[in-house]
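Q: Based on what follows, work out the 3D shape:
(chains A, B, C and D)
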4 protein chains.
Amino acid sequence: MIYMGCDYAEGAAPEILNALVRTNMEQSEGYSMDEHCMNAAKLIKETIGRDDVDVHFTVGGTQTNITVIASALRPFEAVIAPATGHICRHETGGVEATGHKIFHVATEDGKITAKQIEDAKLFHTDEHFVKPKMVYISQPTELGTMYSLKELEEISEVCRKYDLYLYIDGARLAVGLTNSATDFDIKDLPRLCDVFYLGGTKIGMLFGEAIVIVNDKLKPDFRFMIKHCGAMLAKGRLLGVQFEEMFKDQGKLYYALGSHANAMADKLRAGLAELGFQFAVDSPTNQIFIRVSDAQAEALTEYVVYEPDGTLDPGYQRIRFCTSWATPEEDVDKLLEVLKKIKEVG
Amino acid sequence: MIYMGCDYAEGAAPEILNALVRTNMEQSEGYSMDEHCMNAAKLIKETIGRDDVDVHFTVGGTQTNITVIASALRPFEAVIAPATGHICRHETGGVEATGHKIFHVATEDGKITAKQIEDAKLFHTDEHFVKPKMVYISQPTELGTMYSLKELEEISEVCRKYDLYLYIDGARLAVGLTNSATDFDIKDLPRLCDVFYLGGTKIGMLFGEAIVIVNDKLKPDFRFMIKHCGAMLAKGRLLGVQFEEMFKDQGKLYYALGSHANAMADKLRAGLAELGFQFAVDSPTNQIFIRVSDAQAEALTEYVVYEPDGTLDPGYQRIRFCTSWATPEEDVDKLLEVLKKIKEVG
Amino acid sequence: MIYMGCDYAEGAAPEILNALVRTNMEQSEGYSMDEHCMNAAKLIKETIGRDDVDVHFTVGGTQTNITVIASALRPFEAVIAPATGHICRHETGGVEATGHKIFHVATEDGKITAKQIEDAKLFHTDEHFVKPKMVYISQPTELGTMYSLKELEEISEVCRKYDLYLYIDGARLAVGLTNSATDFDIKDLPRLCDVFYLGGTKIGMLFGEAIVIVNDKLKPDFRFMIKHCGAMLAKGRLLGVQFEEMFKDQGKLYYALGSHANAMADKLRAGLAELGFQFAVDSPTNQIFIRVSDAQAEALTEYVVYEPDGTLDPGYQRIRFCTSWATPEEDVDKLLEVLKKIKEVG
Amino acid sequence: MIYMGCDYAEGAAPEILNALVRTNMEQSEGYSMDEHCMNAAKLIKETIGRDDVDVHFTVGGTQTNITVIASALRPFEAVIAPATGHICRHETGGVEATGHKIFHVATEDGKITAKQIEDAKLFHTDEHFVKPKMVYISQPTELGTMYSLKELEEISEVCRKYDLYLYIDGARLAVGLTNSATDFDIKDLPRLCDVFYLGGTKIGMLFGEAIVIVNDKLKPDFRFMIKHCGAMLAKGRLLGVQFEEMFKDQGKLYYALGSHANAMADKLRAGLAELGFQFAVDSPTNQIFIRVSDAQAEALTEYVVYEPDGTLDPGYQRIRFCTSWATPEEDVDKLLEVLKKIKEVG
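A: Here you go, the predicted model:
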């Protein structure tokens, strides 16, 4: 069976696992108060070129989003997000569980525009409405698309105009940064947003996300918030050890792992195009959405684990293939073989 | 100044105020444990033709919605509602404050269809999504439109098919029941839904809503929930006294007050049509939405309090006039005079 | 039957009810944006001698406490309160519903001391504990006792030392202000605390509480918070009209109503002492707690509505009598007659 | 430096780490839907002797407590717990964040009694109080003490009498099960309680807790709840792999690791007694609390990481030493050497 369902089918990149093995019997304080975490934070600050930020580590993306958002907002304040955003669709109401409304904005491609943000803000006129106070975007998005630097700058500008925090979910940021379609740099993020996170789980760590808080208003007492949300790892140094490995040597491993996911995706995408499959989303990154018939979808399940992503017109559906840091090139080849046969199913 | 901004510009209908004066120095237990509340519940049960329901009293609509919804759902369960629903737009995130997501469904006219409910339910496929468990509708809707009996029956059916509670917000139910376009009866409600409320605030009470719980699963410990939500009135008998007055003589006063709002709306609607104003919504009830130019909207503010309701195409906006149990016929006449002049503004 | 169970067995003081009748058909904006509310706020500011505070109106005490506390605190911040406090015992977890822990402090007499506050604050040492950020006290307390001015000043000082907001629940403040044991003035409150409320429900209004926000940090967007908590009254002017009546003429009616409750309590207390009943709490205000045998408690139920308040040693219990603005002197006389007979039950 | 501050200073037991290394490049479904998790659940069911339970895996204790409690309770329902319980003191209000009050019961030794549970339940008389619906205990407790089988049976009985769920936090259960003072068996737990968890983090796993749901009422939709609370691990099989290793061969490793912690604690305890230190708690397990002077506490910091645990009488404090699965015997020896010197500080 070929696994292309998600970007976390395997464990950790060997370098990361080795680091965990190497440091296993070290003794340290818990709760990320150890030297590995301190060092990992230092390395991340160097990589993003900012020393005046706070860095915190958490285990997974959903708990990261919950913690960041609930920490930033007063009870009646709300988040504006594209309707395909991870917090809107894939977190079982975790953000609402903390009392905050998310105002969903429908998009074509998973990307919200500066104009849509302004409209959403202006729609909320008084105290009978929630008060939008944060914009949530993902880079790359949940549809595999990416904001250009210009789009990010426009979004950043409109957020500042309306006193909205900008939060960037970077679960797959390494893929975004190493993609051929990319025109932004990691150092642009702290300039443009108030808080973001660098994902580890989907980029070859066992688990782990690094939250970077840029805006001073969002810094106080954040560790209370992490613990309050059940997001503080007892053996916190596991996060530090992994992120140290990721970000030493100017983030060499982090970029390399992202780059591999892109290379495999590029190969798969080229093959799909050649076979004449129709792309359901025009995505340049490691998430590839295609349109298949119900019969094709069914036939595929024998060979490959993919992610179903809803029905299109009757008889057709959208499915996702996802490459990762770990995808063997031979699996891409095998998948393309399978798809060639499937294509004939019609 | 003419008040047509909302249906609660005045205090209470004289009969209701008299009842409060008459009973003022009676002594009773607090928290709606008194005989007036018991009697009011009995009268409501008679009016709706069901003795096997629970009736509870609260002060206002928002707190009613919060209490009913938060009582019915487990933490990860969600509400499906038309995006114009009161809980979506006008409650400052009160439902989300209790931890529940509302899944907004865009509609043309404020009315969600059975098909849209089914689609919304099927969109949520597994434990990474919230689990829709309740449908919220208002009758009449926040756009003044009404569900036909057939539509209500279809909605009820789809709710039962997918094990969704159906909750009907009856803030303006008296207007709906006495409208010439109505084809449903108050006795249809307990047959079709799991819980609903009969609004008092917008129908001539100082304040007060009567929650009717039909589904046995939703009955246990509801008084704990009312108190937990800060929705239990200390001098609870004030609610009982008012609802007694409303529902004695088979709901005579309740129907009469709703009927007046309709009569005034009908007259205003006819006048607007004659003057050539364009209706922004095809509403048969006491909320009338028209399209006016920005200049007209501005000119109107000198004579009448209305409710702005968003911009349409550039230079035009939607405004709402609202008649009520208390609207003097001469105010309708005066408003039509004003509108005649305004029409010329263009 | 004699009603001494609580201080809200009746409706409103006649002056207040008359004001509601007089203004009933006035038309005004909703949600406390009307002139009566503006004027009531002005009168309250004059009475407390401070023009730089914000005044907001809500319907009941529990929703007031929920709104004030949830507005002031970040998610991991907590309230320190005496364990007998209204928010601890009588609100069905309404404060916890907003996500905040209350740290209960056991007291002899319902009064927390400055030393206990300091100890409670110091008990919480790091981010694994909640962070106490507010102290909640009631004046008078739920046991009818009162803080002296010196005690209030000590509490205020310790709150400032540890950066804790001080919130005073004044549900029965009028009784406290007009009590013979009182050594503080209403003008002391804004000097000593960050936010407090002047209760109306228990002092002769149909309903209504006036929140006074002193600390600038607690002022922004408070109306969003009121609506978010379901605590915004549609016909908000009902609150304004009632508070206008209370606070015109330098709060003449407010003080007179509180004074009557005290006078009736003093008479009852003297009678109880003469009859040899044992006071379970040394309370100078309108809540009187006595120790009675189970047989006496049972016998009393035939004549008087009182509030049971827990068991003491086996065979004995604590009960509460509560006088109010409305208590007829003859009811006190009748109750003392009854108690004389009951005394013989033993 | 000697580490005796907590039981998670190191990484994982070698067997567990090896299992993670061995399975690292396997591909599997995420979110604990994989075969390792299925198998681990099967092994746990065998170990506890019950096939009719549900087993779920989470990362850490705080998020486990939050998820279990929030899943079981309606909004106004509360938990009764000893005031030293982990949910009361060490979770930064995580349970309250889900809206539930915890009713703290003061205890001598961290153990609540059946009588205290009954009293706490009876204290809550009506809908103005929260409704206690769950009892939370830890075995062993946060003070290192243990409930006897008889005490557990009494607690279980009182819970059933009053329709309270009994939830047992087993963060250190392996230590409890292998302690010389133990008279209960792991198979007693599903007989006595409704839900419990088997801790992994403090017993030699990198992280991980296994929730066992016994009561059918608590089973439905629990995976929704895990995700809703941000507690679902993407690479869920990491939990399965670790628990498989723990519970294969009838839980051989699980018991062995607990046993080592006890052996080291026994040796340390004996040494402390010989040196004449005063035990602040009479604990038989791996948490040892002693009374030291402030000077001794200060002097110790040069040699050992311990956990401060509050002040006692002036000049004295309570500190905790904690042994674990990983404590080297030579560290116990070294610590006793240090303590011998410290003893002379006085």
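
Q: Going by C-alpha atoms from here, please, whenever you check contacts or count neighbours.
A: Noted.

Q: The residue nearest to residue A:233 when sequence neighbours are not counted and residue A:231, how far apart?
A: Excluding its sequence neighbours, the residue lying closest to residue A:233 (C-alpha to C-alpha, 6 or more residues apart in numbering or on different chains) is residue A:31, at 5.7 Å. According to C-alpha to C-alpha, to the nearest Å, residue A:31 and residue A:231 sit 10 Å apart.

Q: Would you mind naming what in the stretch 201-346 of chain A lies close to chain C?
A: Contact residues (C-alpha under 8 Å from any C-alpha of the partner chain) of the stretch 201-346 of chain A with chain C: A:223-225, A:227-228.

Q: Kindly report the same for the stretch 51-200 of chain A.
A: Taking C-alpha under 8 Å from any C-alpha as the test, the list of the stretch 51-200 of chain A residues beside chain C reads A:70-71, A:74-76, A:127-131.

Q: Which members of these occur in helices, if any?
A: Using DSSP state H, the subset of these located in helices is A:70-71.

Q: Please list only the buried members of the residues of the stretch 51-200 of chain A next to chain C.
A: Buried by 16 or more other C-alpha atoms under 10 Å in any protein chain shown: A:70-71, A:74-76, A:127-131, out of these.

Q: Give me the buried stretch members for the helix or strand of chain A with the lowest mean pLDDT, please.
A: Least confident helix or strand, chain A: strand A:307-311 with a mean of 91, by mean pLDDT, DSSP states H and E. Going by neighbour count (16+ other C-alpha under 10 Å), the buried part of strand A:307-311 is A:307, A:311.

Q: Remind me what it packs against, helices and strands.
A: strand A:316-322 (3 or more C-alpha pairs under 8 Å, 6 or more residues apart in numbering or on different chains; DSSP states H and E).

Q: between the strand it packs on and strand A:307-311, how many degrees?
A: Here strand A:316-322 points in a direction 150 degrees away from that of strand A:307-311 (axes from the mean of the first three to the mean of the last three C-alpha atoms, to 10 degrees).

Q: How about strand A:316-322 and chain B, touching?
A: No. Counting by C-alpha under 8 Å from any C-alpha, chain B is not contacted by strand A:316-322; separation bottoms out at 13.2 Å.

Q: and that strand, what other elements does it pack with?
A: strand A:287-293, helix A:294-300, strand A:307-311.

Q: most neighbours per residue, which of these?
A: Mean neighbour count (mean count of other C-alpha atoms under 10 Å in any protein chain shown) peaks for strand A:287-293 among the helices and strands packed on strand A:316-322, with a mean of 23.

Q: Buried ones in the helix or strand residue A:249 falls within, by neighbour count?
A: Assigned by DSSP states H and E, residue A:249 belongs to helix A:237-275. Buried residues in helix A:237-275, counted by 16+ other C-alpha under 10 Å: A:237-248, A:251, A:253-266, A:268-269, A:271-272.

Q: Filter those to keep only those in contact with chain D.
A: Within these, those near chain D by C-alpha under 8 Å from any C-alpha are residue A:238.

Q: Point to the residue nearest the middle of chain A.
A: residue A:171 (2.2 Å; C-alpha atoms, centre = their mean).

Q: Could you measure from it over to residue A:109?
A: From residue A:171 across to residue A:109, the span is 18 Å (C-alpha to C-alpha).

Q: Residue A:287 now?
A: Counting by C-alpha to C-alpha - residue A:287 and residue A:109 are separated by 13 Å.

Q: Which neighbours do these two have in common?
A: Jointly contacting residue A:287 and residue A:109 under the rule C-alpha atoms under 8 Å, 6 or more residues apart in numbering or on different chains are residue A:143.

Q: What residues does the nearest residue to residue A:47 once chain neighbours are set aside make contact with?
A: Leaving aside its chain neighbours, residue A:47 sits nearest to residue A:250 (5.8 Å; criterion: C-alpha to C-alpha, 6+ apart). Applying C-alpha under 8 Å, 6+ apart, we find residue A:250 in contact with A:43, A:46-47.

Q: what about the closest residue to residue A:48 other than its chain neighbours, how many neighbours?
A: Excluding its sequence neighbours, the residue lying closest to residue A:48 (C-alpha to C-alpha, 6+ apart) is residue A:187, at 4.7 Å. By other C-alpha atoms under 10 Å in any protein chain shown, 14 other residues sit near residue A:187.

Q: Using the three-state scheme, assign residue A:187.
A: helix (DSSP: H, G, I helix; E, B strand; the rest coil).

Q: got the phi/psi numbers for residue A:164?
A: phi -110, psi 130 (degrees, to the nearest 10).

Q: Show me which residues of the stretch 151-300 of chain A sit near chain D.
A: Counting by C-alpha under 8 Å from any C-alpha, the stretch 151-300 of chain A sits next to chain D at A:201, A:206-207, A:224, A:227-231, A:233-235, A:238.

Q: ok, which pair from the residues you listed is furthest apart?
A: Taking every pair in those and measuring C-alpha to C-alpha, the maximum separation is 24.6 Å, between A:206 and A:224.

Q: Of those two, which one has the most company?
A: Remark: of residue A:206 and residue A:224, residue A:206 carries more neighbours, 27 against 23, as counted by other C-alpha under 10 Å.

Q: For the nearest residue to residue A:8 once chain neighbours are set aside, grab the count of nearby residues.
A: Nearest non-adjacent residue to residue A:8, counting by C-alpha to C-alpha, 6+ apart: residue A:202, 5.6 Å away. Under the neighbour criterion other C-alpha under 10 Å, residue A:202 is assigned a count of 30.

Q: likewise the one 5 residues further on?
A: Each residue near residue A:207 was counted by other C-alpha under 10 Å, and the total is 25.

Q: Just the pLDDT for it.
A: Here, the pLDDT recorded for residue A:207 equals 98.

Q: Which of the helices or strands spans it?
A: Per DSSP H and E, there is no helix or strand for residue A:207.

Q: Distance of it relative to residue A:242?
A: 9 Å.

Q: Pairing partners for the nearest residue to the residue nearest to the centre of chain A once chain neighbours are set aside in the sheet, please.
A: Closest residue to residue A:171 apart from its sequence neighbours, by C-alpha to C-alpha, 6+ apart: residue A:199 at 3.9 Å. In this structure, residue A:199 bridges to residue A:209 when assessed by DSSP bridges.

Q: Surely residue A:199 touches residue A:168?
A: No. Contact criterion C-alpha atoms under 8 Å: residue A:199 and residue A:168 do not qualify, at 10.9 Å.

Q: follow-up on the earlier one: distance from the chain centre to the helix holding residue A:249, please.
A: Put simply, helix A:237-275 sits 13 Å off its chain's centre (C-alpha atoms, centre = their mean, to the nearest Å).
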